[in-house]
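Visitor: sequence-free structure coming up:
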């Protein structure tokens with residue numbers, strides 16, 4: 001079965017996140033890192049969380065150089081925190097990560113996952 005998902009790899013989206021205690025929902029930006037092949041065969045996307053806490057740079061994290069062009073309100077970084085979410089958790093697209101930011105993000109995620117040779 002082929003699915004149609006309107007979001008693409010590299011898109012920065014606003015995601016509805018449920019509080020761990022189930023008392024409410026907050027909205028947070030995330031980067032879609034899954035690709036077209038994944039999207040055509042599943043009803044989910046794989047995202048990497050985005051945070052404005054740029055002072056905390058950990059394994060897999062990447063500072064976003066062009067954060068304003070993406071539609072983010074504050075200087076931000078793509079985190080090494082990866083999760084799979086249903087597409088109905090995406091509220092809307094904010095923008096698309098620049099090519100240089102996406103390439104750097106890929107490099108850092110691959111390194112933290114041990115996918116670099």
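Guide: In hand now; what should we look at? In this text the structure is predicted, and so the values were computed from the model without any measurement.
Visitor: can you give me the helices for this structure?
Guide: Ranges of helices in the chain, per DSSP state H, are 36-41, 67-70, 99-113.
Visitor: who does the residue nearest in space to the middle of the chain form a beta bridge with?
Guide: What sits nearest the mean C-alpha location of the chain, by Cα atoms, centre = their mean, is residue 31, with 1.8 Å. Residue 31 has these beta-bridge partners by DSSP bridges: residue 12, residue 48.
Visitor: I'd say it and residue 14 touch.
Guide: No - look at residue 31 against residue 14 with Cβ atoms under 8 Å: they stay out of range, at 11.6 Å. (C-beta placed from N, C-alpha, C; glycine too.)
Visitor: need the helices of the chain in a markdown table with mean neighbour count, distance to residue 26 and mean pLDDT, can you?
Guide: A markdown table is the format used below for the helices of the chain (neighbours: other Cβ atoms under 10 Å; distance: least, Cβ to Cβ, whole Å; pLDDT from 0 to 100):
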| stretch | mean neighbour count | distance to residue 26 | mean pLDDT |
| --- | --- | --- | --- |
| helix 36-41 | 13 | 25 | 90 |
| helix 67-70 | 17 | 19 | 95 |
| helix 99-113 | 16 | 23 | 94 |
